[in-house]
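Asker: Please find the sequence and the predicted model below.
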Amino acid sequence: MLKNPQHLPADLQAQVEQSKVAISQRSATRRAPKPQNPLVIASQWITKAKAYQSNQNQLAAYSKVIRF
C-alpha cells in the first residue's frame, strides 16, 4: 500500500486524491441505507429463496447422476 503519495509526480498525486474522494463518497452512501418498501424487501427474499431452492434441486439431481 502506498503510504507517501507526496513522493509521486503531480499527476499521480492528483489521481490518488481523486481516488480517496471517490472511496469516501462510496463508503458514505453505504453507511446510510435508503429505507425500502416492505413489499420490495419481501419480494427480494422470495426471489432469493426460489433461487436457493432451485440450486438445491440442481445439486440433488447432480448427486443422483454422480452416484450411478
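Answerer: That came through fine.
Asker: Now do the strands for the protein: every range, in order, please.
Answerer: Ranges of strands within the chain: none, based on DSSP state E.
Asker: need the longest helix for it.
Answerer: Secondary structure of the chain read by DSSP state H shows that its longest helix is helix 38-67.
Asker: Quick one: mean pLDDT over that helix.
Answerer: Helix 38-67 carries an average pLDDT of 87.
Asker: Same check on stretch 9-19?
Answerer: Averaging pLDDT along stretch 9-19 yields 80.
Asker: Buried ones in that stretch, by neighbour count?
Answerer: For stretch 9-19, the neighbour count (16 or more other Cβ atoms under 10 Å) marks no residue as buried. The C-beta positions use only the backbone N, C-alpha and C, and glycine is treated the same way.
Asker: roughly how far out does the longest helix of the chain sit from the chain middle?
Answerer: How far helix 38-67 lies from its chain's middle: 20 Å, per Cα atoms, centre = their mean, to the nearest Å.
Asker: and if you look at stretch 37-44?
Answerer: Counting by Cα atoms, centre = their mean, stretch 37-44 is centred 19 Å from the centre of its parent chain.
Asker: CA atoms only: put that stretch into CSV for me.
Answerer: C-alpha atoms of stretch 37-44 as CSV (Å, rounded to 0.1, in the frame of the first residue of the first chain):
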residue,chain,number,x,y,z
ASN,A,37,-40.8,-0.6,0.9
PRO,A,38,-41.6,-3.8,2.9
LEU,A,39,-43.1,-5.3,-0.2
VAL,A,40,-39.9,-4.8,-2.1
ILE,A,41,-37.9,-6.4,0.7
ALA,A,42,-40.3,-9.4,0.8
SER,A,43,-40.1,-9.8,-2.9
GLN,A,44,-36.3,-9.8,-2.8
